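>>> Compute the structure for the input listed below.
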Amino acid sequence: MACFLAYRAFGMTWFEAIVHSLTTMSTGGFSTSDSSFFLFSGPLEYVSAIFMVLASLPFIRYVQLISGNPQPLFRDVQAQAYVRWLLYSVAVIVLYRLVNSDADFFTVLRETTFNVVTLFSGTGYGSADVFAWGSFPFAVIIIVGLIGGCTASTGCSIKVFRWLVVLQAIKAQVRRIRYPHIVFNAKLQGKPLDSDVISSVAAFFVLFF
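From the prediction side, this is the model:
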């Protein structure tokens, strides 16, 4: 409902707002236009990006938030990593585009933010030709598309949790190689990761790729 009202407030018709709110929060990406979100270029891109980010965070955290316990949401390592990686991606692409073109800063920021968020979350909207941005931005977009949203969200792809598990497992293995006489356990959010979890995530990566 909040997404629908926001879309309506920024100029969408009733029908457009209903369709886009449903496909934004489900990260489904279906639009009422063949040109996807290009028809709504402008402030609506920021509105959509906000709700796509919210749809990519673990839904259980919203249940806890409504119950009066906001701390789990802000302490969730998945949510922290997702937002951090998203900001890094937007920042490097914006900087690259500004250095390599004479485009307006605010246009570049808006286009980049929207299109990176939609691909990071797996929603699939589009409002610009990302191929025209250059090979480096396209490579970053491919990488963020392989990360996806958080587990327990509607975001797609590998998911942030699995990437964090793999990164922690690699970190622990590097430490074991460097200090073979010390026991290092992979941990996530301060808790040891069971070997079965690491094995299942590794198997998922192999099958995925």
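>>> Pull out the buried residues from the top helix by length along the chain.
Using DSSP state H to define each element, the chain has its longest helix at helix 77-99. By 16 or more other C-beta atoms under 10 Å, the buried positions in helix 77-99 come out as 78-79, 81-82, 85-86, 89-90, 93-94, 96-97. For glycine as for every other residue, the C-beta is placed from the backbone atoms N, C-alpha and C.
>>> and what of stretch 22-35?
Buried, per 16+ other C-beta under 10 Å, within stretch 22-35: 23-25, 27-29, 31-32.
>>> One more: stretch 180-193?
Applying 16+ other C-beta under 10 Å to stretch 180-193 flags 186, 188, 193 as buried.
>>> Could you tell me the end-to-end distance of that stretch?
19 Å (C-alpha to C-alpha, to the nearest Å).
>>> got it, and stretch 70-86?
22 Å.
>>> on that earlier part again, name the nearest of the buried residues of helix 77-99 relative to residue 143.
In terms of C-beta to C-beta, no member of the buried residues of helix 77-99 lies closer to residue 143 than residue 89, at 7.9 Å.
>>> Could you measure from that closest one over to residue 144?
Using C-beta to C-beta, to the nearest Å, one gets 5 Å for the distance from residue 89 to residue 144.
>>> How about residue 196?
For residue 196 relative to residue 144 (C-beta to C-beta), the value is 29 Å.
>>> Between those two, which is the more surrounded one?
Each of residue 196 and residue 144 has its neighbours counted (other C-beta atoms under 10 Å); residue 144 has more, 22 against 8.
>>> residues in contact with that one?
85-86, 89, 116, 119-120 (C-beta atoms under 8 Å, 6 or more residues apart in numbering).
>>> Next one, pLDDT for the residue nearest to residue 103 when sequence neighbours are not counted please.
Taking C-beta to C-beta, 6 or more residues apart in numbering, and ignoring the residues beside it in sequence, residue 103 has residue 97 as its nearest neighbour in space, at 6.4 Å. At residue 97, the model reports a pLDDT of 96.
>>> Work out for me the element residue 72 sits within.
helix 71-75 (DSSP states H and E).
>>> Mind giving me the packing neighbours of that helix?
If you count contacts as 3 or more C-beta pairs under 8 Å, 6 or more residues apart in numbering; DSSP states H and E, helix 71-75 packs onto helix 59-66.
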